[in-house]
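Asker: After the sequence you'll find the predicted model.
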Amino acid sequence: MMSPNRSQVRDSKPGRGKRSSLLDLFLAAFLGLLIGILLLFLLVGRPPHRMSPRLACMMNLRQLGLCLDVYAKDHGQRYPPPERWCDTVVSVFGPKTQDVQKLFRCPGVRCGPCDYTMNPHATPHSSHDVVLLFESRPGWNQSGGPALLTTENHRREGCNVLFADLHVEFVKTGYLATLRWKDADTMDANRPRDVQRDHCQVARSS
């Protein structure tokens, strides 16, 4: 049996090595691309168009809370009148905020005009755990307490709540009864002074 010619063996080795090196480069590039995509996903998270309705709703409440906070700092530490709070946010911050109307709508509902309600007892000086804004059925300039609260926006699992210190939490249905709606023995700084005075007189006479 004849052995292969040495020249043929020498000629075949470089071609085999070249194919092997190209394959290695392709695999390295492919793995590098996968690792890059994975790192991008971990660092950046989900793209904005795939943001969950719950998270988008929390961001809306946070932005509305910042608007109320800025307004209070410019108006003697008083929030807008609860019966006009939506109108006030639009008139004051609408020209400065793109698509300000979207802040009032929970993406889980999209039937607006506003899916949030203001707690009239909350003030800029309230305790950190007092409710300021919370999810409710659609309306406009709504203000009130737990009777208006809804869990329908997020499959009845709970609702998003903005607290007086401007942090937002998703409160599960079983814990909604523990929410704090006003400070004990404090008057509402957002109410007219004459109403507050009448309230004091009633308190003294009782």
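Answerer: Looks like it came in fine.
Asker: How about residues contacting stretch 100-116?
Answerer: 53-54, 56-57, 60-61, 63-64, 67, 86, 89-90, 93-94, 97, 133-142, 152-154, 160 (C-beta atoms under 8 Å, 6 or more residues apart in numbering). Every C-beta, even on glycine, is put in place using the N, C-alpha and C of the backbone.
Asker: Swap in 6 Å and give it another go.
Answerer: 53, 56-57, 60, 63-64, 86, 93-94, 133, 138, 140, 153-154 (C-beta atoms under 6 Å, 6 or more residues apart in numbering).
Asker: now do stretch 158-166
Answerer: So stretch 158-166 is contacted by 57-58, 61, 65, 122, 126, 128-135, 151, 168-173 (C-beta under 6 Å, 6+ apart).
Asker: Recalculate using a threshold of 7 Å.
Answerer: 57-58, 61-62, 65-66, 69, 122, 126-135, 149-151, 153, 168-173, 179 (C-beta atoms under 7 Å, 6 or more residues apart in numbering).
Asker: Filter the contacts of stretch 100-116 down to the buried ones, ChimeraX style.
Answerer: Buried residues within those, by 16 or more other C-beta atoms under 10 Å, are selected in ChimeraX with:
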select :56,57,60,63,64,86,93,133,138,153,154
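Asker: Next step: the contacts of stretch 100-116 restricted to helices.
Answerer: Counting by DSSP state H, the contacts of stretch 100-116 place 53, 56, 57, 60, 63, 64, 86, 93 in helices.
Asker: give the contact list for the fifth one.
Answerer: Each residue near residue 63 by C-beta under 7 Å, 6+ apart is listed here: residue 103.
Asker: domains of the protein?
Answerer: 1-45, 49-198 (automatic domain parsing).
Asker: Pick the one among the ones in helices among the contacts of stretch 100-116 closest to residue 75.
Answerer: residue 93 (13.3 Å; C-beta to C-beta).
Asker: Flag every buried residue along whichever strand in the chain runs longest.
Answerer: Scanning the chain for the longest strand, with DSSP state E as the assignment, gives strand 131-139. The neighbour-count check on strand 131-139 (16+ other C-beta under 10 Å) flags 131, 132, 133, 134, 135, 136, 138, 139 as buried.
Asker: Out of these, flag the one nearest to residue 36.
Answerer: Using C-beta to C-beta, residue 135 comes nearest to residue 36 of the buried residues of strand 131-139, at 38.6 Å.
Asker: Count the residues that sit near residue 174.
Answerer: Per other C-beta atoms under 10 Å, the neighbour tally for residue 174 reads 9.
Asker: Return the distance of it relative to residue 158.
Answerer: 8 Å (C-beta to C-beta, to the nearest Å).
Asker: Tell me the strands beside the next helix-or-strand element following the longest strand of the chain, with direction?
Answerer: Per DSSP states H and E, the first helix or strand lying C-terminal to strand 131-139 is strand 158-163. With DSSP bridges as the test, strand 158-163 is paired with strand 131-139 (antiparallel), strand 168-172 (antiparallel).
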